[in-house]
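**Q** show me how the following folds:
(2 chains)
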There are 2 protein chains.
Amino acid sequence: MSKILRIKMGEKPEYSVSDAVAYAGLGGRALTSRIVSEEVPPLCHPLGEENKLVIAPGLLSGSAAAISGRISVGCKSPLTGGIKEANAGGQAAQVLARAGYAAIVLEGAANGDLYKIVVSKDDVKIVKANELRGLGNYDTVEKLRREHGDKVAYMSIGQAGEMKMSAASIACTDMEVRPTRHCGRGGVGAVMGSKGVKAIVIDDSGCKNRQPADEEKFRAANKEFVAGLKKNPTTGQGLPAYGTNVLVNVINEAGGFPTRNFSTGQFEGAQKISGESLAELEIKRGGSATHGCHRGCVIQCSGTYLDKDGNYLTKQPEYETVWANGANCGIDDLDTIAMLDRLYDDFGLDTIEMGATIGVAMEAGVIEFGDRQGAISLVKEAGAGTPLGRILGSGAAVTAKAFGIEHAPVVKGQAMPAYDPRPIQGIGVTYATSPMGADHTAGYAIATNIMKVGGFVEPGQPEGQVDLSRALQITTAAVDSTGFCLFIAFAVMDQPETFGAMLDLISSFTGTNFTADDVTQLGKNVLSWERKFNKEAGLTSAHDRLPMYFKREALMPHNAVFEVSDAELDTVFNW
Amino acid sequence: MSKILRIKMGEKPEYSVSDAVAYAGLGGRALTSRIVSEEVPPLCHPLGEENKLVIAPGLLSGSAAAISGRISVGCKSPLTGGIKEANAGGQAAQVLARAGYAAIVLEGAANGDLYKIVVSKDDVKIVKANELRGLGNYDTVEKLRREHGDKVAYMSIGQAGEMKMSAASIACTDMEVRPTRHCGRGGVGAVMGSKGVKAIVIDDSGCKNRQPADEEKFRAANKEFVAGLKKNPTTGQGLPAYGTNVLVNVINEAGGFPTRNFSTGQFEGAQKISGESLAELEIKRGGSATHGCHRGCVIQCSGTYLDKDGNYLTKQPEYETVWANGANCGIDDLDTIAMLDRLYDDFGLDTIEMGATIGVAMEAGVIEFGDRQGAISLVKEAGAGTPLGRILGSGAAVTAKAFGIEHAPVVKGQAMPAYDPRPIQGIGVTYATSPMGADHTAGYAIATNIMKVGGFVEPGQPEGQVDLSRALQITTAAVDSTGFCLFIAFAVMDQPETFGAMLDLISSFTGTNFTADDVTQLGKNVLSWERKFNKEAGLTSAHDRLPMYFKREALMPHNAVFEVSDAELDTVFNW
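**A** Numbers count the residues shown, from 1 in each chain, chains lettered A, B, ... in the order given. Take a look at the predicted model:
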């Protein structure tokens, strides 16, 4: 039976465990956003004792359902001032769900000591762990492994989370027990830091997979589902072979590859940092370009990046990481990008926010565009918490403010990811209107604008983008609640039988008849809870806008400005 | 005849002059807020080309009306994201109005060069002035004086404005042609910097006082008005003798003197930095404690502060400066405070925002509370634009964010001034609800809560504070439009004949029959324009709140929390 674990930090940390029955049918983002919207005062300070950090595996996490290992973390965001859900792969979701927990809710505030929380099926310990203070995620996990071993999952914050930086992430260990999968966006790591929690150790020993209500139907559906993912060219070939970074050439070709702080849409060094180049280099050095980030992954879009001496450096950098720290900074060198990825994972910083931030700092003249060592030095400043590092660790909006420049590519204070919204206007609608701030994963219009998945909407025109983003935001909010990796969308959007298999998986697991309409209703519910929170936190339609310069300054090569009108943007949530 | 001068910065700066007839009856804040609300897109970036900086003398400025020399500057604020009006004394208002200008409107954006604008009755010059780059206000004025002399008024920005810091002010020269009177709040200096304008030289040679419509009535009213100001104990005795800093003992006694970043309400070192101590020291060293900041001032609340060697250091620091950089930082030394005042005037930084910011930095552990040299060093970092200085120059909210602390005493991103809103709840209502962000001058409830001017409302209780703040905000918005120094309020609130004389002054000058109802209507109009702008800029009732910790953490000695309910706050503008 699923339980909710509440941990109240404060002078004397304590915990309680309750039945999750009130949240039946909710997992992942649905559960984090439900609890945050019900329990967190929208006007509280994100680092204050009234905020809560909710950690929830997906609805199907911990079951045998393929690729269902996403874990959601929710809170009021220090970066956006609104509600936040950030999800990640790695082992945490599967292990936490198998151990019987629908969610962990961190409440209260730090008392000055740093703690680790050790959770297993029948036991919860809140243990002082000041010996972990100041450690990066790699060292933190290394120390914890000596005591807790390799069979458990770890969630932790690095120096950035301890310093409560708005770009701080929460790391989840992967199958090799490395802290490489991050709930990255919105400063969730700062909220964990504000509670004085350095790490969560999740132990599912003695636990089995969560059992479906209808085992036979579940097995059949899972088989069909996996077959569909294998058959699809994106999930069956492109992502396994090259990882997400397969997109570099695609988006660069489309002229929507934001280069040098969104000042142009194509990068002359794209080929050097493309997915093809990355995979070739990884394989040549004895790493791997095809790897799963959690048990049960069948897409295998991850990989292993070795340095030029053949030593492990980091996991295969994602497309958004390569973009943010590559093209966006004028850097065309994979070793530099991989080193930055390693540093971000270690310090516990969002690779997208930080790459965008370095781009802003470069425009402000702190270092030159293309300065590889300079970029590495800047990130080290963030990890060290120097004054400059404090600015950068606060994200792109604060960095632009501190240096007095207008070109901050942010919405609701959160940096835009790797797709320029001028030549690809569907993603601009998502950036503008998502309750999360600028976030490609909240409604991935690239699929339909560029990859022609789920139909086609001409990317450079304003027509049709609002309908597209609306549909995607709704579906995504639902998928983010299941535990399924969002990449299943490539298969389920164009393969009705795979979509059916996904529904059957949910139905057979939960013992309900979960239909396409239920997907839609769940997505609408989640978005409604999130928007209600945001409204009470003071976010209005004025915040559902791109910065004005995206309407004024045309992006080459398409000479594109963002043309979706404000009035249209205000209809995204009309349903 | 009054004119509007519009200066469009950009590749080729140009100007145009038009008749101000469309704005008849509007001056100062009424005129800046009217133009900003009509012409500036509320969603523009404050440092972008769409923002405008509007500079307007008061309605009666340039006439013989006593103490009518306030100049207003308005724009979209880089600090608050809402509309801003900041006003100052000094010579600018009188000189600009005599030269025939109702307003200067700076539009467009910098082209890379730095300019000075030279305005006289019949001529406008936009002149490259890159030789002024990087200079403080003192050096800037010194250089300009060599060319333009001592008979003109100067408005300028220091390094902070050039760096577009959110705490940057605009300096106006006083009667001694020193840059000591600042439009301080909300980062107006950053907006001037974003236009590439370093200085405005205002020359009224060949001009006479603006003439009243009914000279006889005007003269009689002015005589009565001056007599009323002289008779009133605050404007006739307290302010002339001790300056605004007479308040230290008063507010400390009331337990509302925010000490060490608003952590307690009384400062053990209050006596050492009181107005009485300040005046005694100034006189002892051969400075002055009684001095006017502009021609026509009859209150004379300014003064001259000499260093211990008898050399001019700065003008007499205001109460809010003494508080912000004294008690709020745990500093009980007037020489330190005066040095900080001098540095702020020179760099062009808001003394309130910066003192509050240093308090936050002290709480964050950057330096210790009470560290005199440390505080001076921090301000020098701001002036030098080091990374730490960039944080501090961005104000208290950004500083708290960068260092990950909750205790940012701000509303709408602007730091609270020298009165804790817990034991003095009327000022808390003004802080929370003013369209300006936390601003004591927007509705100075201290008058009635503490000084028993205009009646008495018990300061520690929530009852009656909303009505008080509403009335004061309305009246203040009107007074800020006249050019009159707000300090006339002490006399006009309790002396009907002085209030009548003020109305007669306006009536006889404008040739209208300006009544008490007209004061109210003007104030309501101004607030309505401002609130409309803010609403469209995304500021909602959620922003009309004090930070949550003012409701949670009790302030000693009165063990007070802020108790005015959110529902009550939302009625401030119900009229």
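**Q** for A:L135, give me phi and psi.
**A** Phi and psi for A:L135, reported as degrees, to the nearest 10, are phi -90, psi 150.
**Q** ok, A:K198 next?
**A** With angles defined as degrees, to the nearest 10, A:K198 sits at phi -90, psi -40.
**Q** that one: how many residues sit nearby?
**A** By the measure other Cβ atoms under 10 Å in any protein chain shown, the count of residues near A:K198 is 28. Glycine gets a C-beta too; all of them are placed from N, C-alpha and C.
**Q** same question, A:E147
**A** 10.
**Q** what about it, distance to chain B?
**A** To chain B, A:E147 is 28 Å away according to Cβ to the nearest Cβ, to the nearest Å.
**Q** okay, and that residue sits in which element?
**A** Secondary structure from DSSP states H and E places A:E147 in helix A:137-148.
**Q** okay, the residue nearest to A:L555 when sequence neighbours are not counted: pLDDT?
**A** Sequence neighbours aside, A:R422 is the residue nearest to A:L555 in space, at 4.3 Å (criterion: Cβ to Cβ, 6 or more residues apart in numbering or on different chains). We have a pLDDT of 98 for A:R422.
**Q** just list the residues touching A:R422, thanks.
**A** Applying Cβ atoms under 8 Å, 6 or more residues apart in numbering or on different chains to A:R422 gives the contacts A:G256, A:G265, A:G428, A:F550, A:A554, A:L555, A:H558, A:A560, A:V561, A:F562.
**Q** how about a cut-off of 6 Å?
**A** Shown in contact with A:R422 (Cβ atoms under 6 Å, 6 or more residues apart in numbering or on different chains): A:L555, A:A560, A:V561, A:F562.
**Q** filter those down to the buried ones and hand me the ChimeraX line.
**A** Those of those that count as buried under 16 or more other Cβ atoms under 10 Å in any protein chain shown are selected in ChimeraX with:
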select /A:555,560,561,562
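**Q** let me have the contacts of A:R422 in JSON lines, extended by secondary structure and pLDDT.
**A** Listed next are the contacts of A:R422 as JSON lines, based on DSSP: H, G, I helix; E, B strand; the rest coil; pLDDT from 0 to 100:
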{"residue": "A:L555", "secondary structure": "strand", "pLDDT": "98"}
{"residue": "A:A560", "secondary structure": "strand", "pLDDT": "98"}
{"residue": "A:V561", "secondary structure": "coil", "pLDDT": "98"}
{"residue": "A:F562", "secondary structure": "coil", "pLDDT": "98"}
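**Q** show me the two of the contacts of A:R422 that sit farthest apart.
**A** The largest separation in the contacts of A:R422, counting by Cβ to Cβ, is between A:L555 and A:F562 at 9.1 Å.
**Q** show me what from the stretch 1-150 of chain A comes close to chain B.
**A** Proximity of the stretch 1-150 of chain A to chain B, by Cβ under 6 Å from any Cβ of the partner chain, involves residues A:L43, A:C44, A:H45, A:L47, A:G48.
**Q** ok so, going back, closest one to chain B out of the contacts of A:R422, please.
**A** Nearest to chain B among the contacts of A:R422 is A:F562, at 13.0 Å by Cβ to the nearest Cβ.
**Q** ok, that closest one - contacts?
**A** When contacts are counted by Cβ under 6 Å, 6+ apart, A:F562 is found next to A:P421, A:R422, A:G428, A:L546, A:F550, A:K551.
**Q** could those go into JSON lines alongside secondary structure?
**A** Below are the contacts of A:F562 laid out as JSON lines (DSSP: H, G, I helix; E, B strand; the rest coil):
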{"residue": "A:P421", "secondary structure": "coil"}
{"residue": "A:R422", "secondary structure": "coil"}
{"residue": "A:G428", "secondary structure": "helix"}
{"residue": "A:L546", "secondary structure": "coil"}
{"residue": "A:F550", "secondary structure": "helix"}
{"residue": "A:K551", "secondary structure": "helix"}
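**Q** so where's chain A uncertain?
**A** Across chain A, residues meeting the criterion (pLDDT under 70) sit at A:1.
**Q** tell me which parts of it are close to chain B?
**A** Counting by Cβ under 6 Å from any Cβ, chain A comes close to chain B at A:43-45, A:47-48, A:163-164, A:387-388, A:390, A:394, A:401-402, A:404, A:406, A:538, A:540, A:542-543, A:545, A:548.
**Q** figure out the length between the terminal residues of stretch A:304-314.
**A** Length of stretch A:304-314, first residue to last, Cα to Cα, to the nearest Å: 6 Å.
**Q** would you map out the domains in chain A?
**A** As recorded under automatic domain parsing, the domains making up chain A are A:3-203, A:245-418, A:421-494+A:513-575.
**Q** turn those into JSON lines, columns for distance to B:R295.
**A** Formatted as JSON lines, those follow (distance: least, Cβ to Cβ, whole Å):
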{"stretch": "domain A:3-203", "distance to B:R295": "46"}
{"stretch": "domain A:245-418", "distance to B:R295": "35"}
{"stretch": "domain A:421-494+A:513-575", "distance to B:R295": "42"}
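**Q** helix/strand/coil for A:R295?
**A** State at A:R295, reduced to three classes by three-state DSSP: coil.
**Q** OK, contacts around the residue nearest to it when sequence neighbours are not counted?
**A** Distances taken as Cβ to Cβ, 6+ apart place A:Q94 nearest to A:R295, at 5.6 Å, with adjacent residues excluded. Contacts here follow Cβ under 6 Å, 6+ apart; on that basis A:Q94 touches A:S61, A:G62, A:G69, A:R295.
**Q** what about 10 Å?
**A** Contacts for A:Q94 (Cβ atoms under 10 Å, 6 or more residues apart in numbering or on different chains) come out as A:57-58, A:61-63, A:68-71, A:153, A:202, A:204, A:209-210, A:294-296, A:483.
**Q** now stretch A:214-227, how far from the chain's geometric center?
**A** Taking the mean of its C-alpha atoms, stretch A:214-227 sits 28 Å from the chain's own mean (Cα atoms, centre = their mean, to the nearest Å).
**Q** no wait, stretch A:142-157
**A** 22 Å.
**Q** for stretch A:530-542, same thing?
**A** The mean C-alpha position of stretch A:530-542 is separated from the chain mean by 21 Å, Cα atoms, centre = their mean.
**Q** tell me which residues of it are tucked away?
**A** Those would be A:E530, A:R531, A:K532, A:F533, A:N534, A:K535, A:E536, A:A537, A:G538, A:L539, A:S541, A:A542, for stretch A:530-542 by 16+ other Cβ under 10 Å.
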